[in-house]
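Visitor: 3D, please:
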Amino acid sequence: RMFLSRNKKGTIKVKGKEKDINPMGIYLYKYQNGFWISDGELPVNSYGYKVFHPSWDEENNRLYFASDMPGGYGGTDIYSIKYVNGKWIELKNLGSDINTEANEAFPFIYKSKYLFFASKRKGGKGGFDIYFSLQNDDKFESPVNLGPRFNSRSDDFGLILNDDSNLGYFTSNRPGGIGKDDIYKFVSGKSIFRIFNNYYTLRILDSKKEEPVENARITFSKFKLVPAESPRIEKIKGVEKEIIYTIDPNSLVESKPVYSNEQGEYFLKLKDLSYILKVKKEGYLPYSGLLKATGGNKLIEVKLIPEILDTFQFSFLDSETKNQIKDVNIKMEGGEENNIKYENDNYFIVLLRGEKIDLEVSKDGYVSKKVEIEHGLTPAKFDVVLEKKPKYVKYLPTTKGEVVVLKDIYYDYNSAKLSTKAKKELNKLSIHLKKYPKLKIELSSYTDSRGKKDYNQKLSEKRSANAKKYLIRKGISAKRIVAKGYGESQPKNHCVDGVKCSEKEHAINRRTEVKVIDE
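Guide: Residues are numbered from 1 along each chain as shown. Below you'll find the predicted structure:
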């Protein structure tokens with residue numbers, strides 16, 4: 001079977017007169033009895049547009065070709081169509097990775113997997129350049145320019161290869177030829193794909209607009225990994241040991257800066273080494289990352305984050321009254337405190353995109369609080385709710401139903417052990433109970449919300465039991481004391497499951513209360 005493109009002769013009427021037209025079309029021929037005879041034409045041929053440059057994929061019965069038929073991306077695009085049981089089906093445009101608003105033509109499908117084609121897209125050397133794309137899962141990857149070995153400032157197109165991929169031909173009208181379009185031959189001591197293996201396209205994009213970033217400054221630093229001076233060896237489940245590696249500082253050699261083109265791209269050659277890639281562009285946060293040349297995907301995309309300044313507005317509210325709190329003391333971690341402005345009872349702070357700061361907030365009569373502000377996660381306007389410090393009465397209860405939080409009866413996290421301060425407070429309670437011998441009390445202990453509920457329940461019961469035992473040792477009858485634990489069920493503040501709180505805030509909920517149940 002042979003495919004060729006030639007003019008499709010015909011006539012059309014223009015203002016009532018017939019006019020000859022000769023658009024390109026693709027025609028089929030078969031070899032029979034020593035002759036090539038006509039076997040029809042491609043069904044997509046038309047007098048309204050061009051169809052040309054056929055390339056046949058024998059393994060998949062699919063024909064690749066170029067056309068300016070309607071519905072493309074602009075100019076001429078590359079298409080494919082499948083031949084099944086005597087019919088042509090599955091006409092496909094190869095998509096926006098291959099086709100652009102410019103002209104794409106001269107496809108050559110090699111071993112059903114590799115596509116070579118010519119394109120006048122932006123970012124090339126000039127005129128038609130030859131590109132290469134690898135097919136994965138029925139989709140062609142973003143193409144790579146073959147570089148100065150094949151492309152010039154003139155038109156370069158029509159590349160073909162032998163079966164060993166070490167010899168081929170292409171056409172060019174570059175200076176120094178004999179005619180207008182000359183055929184050039186190339187021979188390599190190794191497969192052409194081993195040459196391409198080290199070539200990559202680096203594409204710089206705006207992370208928000210997904211548009212190319214032109215004139216971005218790009219540098220590469222080669223590095224080698226070497227074992228650390230004192231390698232750390234750890235036993236890990238399923239792994240005998242792990243050696244920590246560091247970057248050899250003597251291997252860091254930064255390249256001269258290069259810059260991305262109008263398409264945000266730079267065509268580069270990387271050896272099988274590791275690199276530190278750095279990209280800078282005014283108006284964007286600088287990018288730095290590790291890059292490993294693996295010979296896999298030929299497109300490396302870097303998305304730069306716009307360096308946008310955003311303003312956050314916040315105020316402080318009383319947790320009970322919801323009234324605004326003024327004259328709050330603010331200490332900043334991770335930034336300059338003079339970045340915070342106060343105006344009309346509101347606070348304002350400006351952050352760069354990607355920036356994060358922590359504020360330590362304090363006010364007399366309120367529990368100190370840490371506030372985290374992170375660009376992209378924190379709302380532009382928000383309120384900070386402050387809890388009032390618990391009020392401890394200076395006397396102990398004497399009336400039925402009266403409840404008092406025992407001052408200094410607080411516990412360390414995950415502990416039921418009585419502290420020295422707690423024992424002093426229980427000493428006062430024992431004296432009080434001896435002064436009022438008819439009082440019967442309930443000792444109620446609570447935990448914070450961290451940990452499992454069942455565990456917290458048992459922990460609170462143990463705390464109450466320990467306080468009761470201490471009072472018994474001080475001479476108070478066990479019949480006068482009921483010890484109960486309520487776990488995390490009755491917090492004094494907002495620190496419930498899922499809410500981020502400071503240690504001081506959690507400590508408020510780890511308490512013991514005394515309640516008169518009979519007088």
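Visitor: now do the SS call for residue 469.
Guide: helix (DSSP: H, G, I helix; E, B strand; the rest coil).
Visitor: any regions of the stretch 401-519 of the chain where pLDDT drops low?
Guide: 407-416 (pLDDT under 70).
Visitor: hmm, 80 instead?
Guide: Within the stretch 401-519 of the chain, the segments meeting pLDDT under 80 span 406-420, 519.
Visitor: what ranges do the helices span in it?
Guide: 420-435, 453-473, 503-509 (DSSP state H, counting those that start in this stretch).
Visitor: just the C-alpha atoms of the second one, please, in CSV.
Guide: Output in CSV follows, covering the C-alpha atoms of helix 453-473 (Å, rounded to 0.1, in the frame of the first residue of the first chain):
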residue,chain,number,x,y,z
LYS,A,453,-13.1,10.1,75.1
ASP,A,454,-13.1,6.8,76.9
TYR,A,455,-9.6,7.3,78.1
ASN,A,456,-10.3,10.9,79.2
GLN,A,457,-13.3,9.7,81.1
LYS,A,458,-11.2,7.2,83.1
LEU,A,459,-8.5,9.8,83.6
SER,A,460,-11.0,12.3,85.1
GLU,A,461,-12.4,9.6,87.4
LYS,A,462,-8.9,8.8,88.6
ARG,A,463,-8.1,12.5,89.3
SER,A,464,-11.3,12.8,91.4
ALA,A,465,-10.5,9.6,93.3
ASN,A,466,-6.9,10.8,94.1
ALA,A,467,-8.3,14.1,95.4
LYS,A,468,-10.8,12.2,97.6
LYS,A,469,-8.1,9.8,98.9
TYR,A,470,-6.0,12.8,99.9
LEU,A,471,-8.9,14.4,101.9
ILE,A,472,-9.6,11.1,103.6
ARG,A,473,-6.0,11.0,104.7
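Visitor: list the contacts for the closest residue to residue 404 other than its chain neighbours?
Guide: Nearest residue to residue 404, sequence neighbours excluded (Cβ to Cβ, 6 or more residues apart in numbering): residue 397, at 5.1 Å. Where you see a C-beta, it was placed from the backbone N, CA and C, and this is true even at glycine. Residues near residue 397 by Cβ atoms under 8 Å, 6 or more residues apart in numbering: 403, 404, 441, 514, 515, 516.
Visitor: beta partners of the closest residue in space to the third one that isn't next to it in sequence?
Guide: This points to residue 441. Among residues not flanking residue 441 along the chain, residue 514 sits closest, at 5.3 Å (Cβ to Cβ, 6+ apart). Beta bridges link residue 514 to residue 404, residue 443, judged by DSSP bridges.
Visitor: show the end-to-end separation of stretch 319-327, please.
Guide: End-to-end distance for stretch 319-327, by Cα to Cα, to the nearest Å: 16 Å.
Visitor: so which of the helices of the stretch 401-519 of the chain comes closest to residue 166?
Guide: helix 503-509 (69.3 Å; Cβ to Cβ).
Visitor: what residues sit buried inside the closest one?
Guide: 505, 506, 507, 508, 509 (16 or more other Cβ atoms under 10 Å).
Visitor: could I have that helix exported to CSV, CA atoms only?
Guide: Extracted C-alpha coordinates of helix 503-509, given in CSV (Å, rounded to 0.1, in the frame of the first residue of the first chain):
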residue,chain,number,x,y,z
GLU,A,503,-1.3,24.6,76.1
LYS,A,504,-2.6,27.3,78.4
GLU,A,505,-6.1,27.1,76.9
HIS,A,506,-6.1,23.3,77.3
ALA,A,507,-5.0,23.6,80.9
ILE,A,508,-8.1,25.6,81.8
ASN,A,509,-10.2,22.5,81.1
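Visitor: can you list the domain ranges for the chain.
Guide: Domain assignment for the chain by automatic domain parsing gives 2-196, 200-304, 309-386, 403-518.
Visitor: for stretch 33-41, the distance to its chain's centre please.
Guide: 56 Å (Cα atoms, centre = their mean, to the nearest Å).
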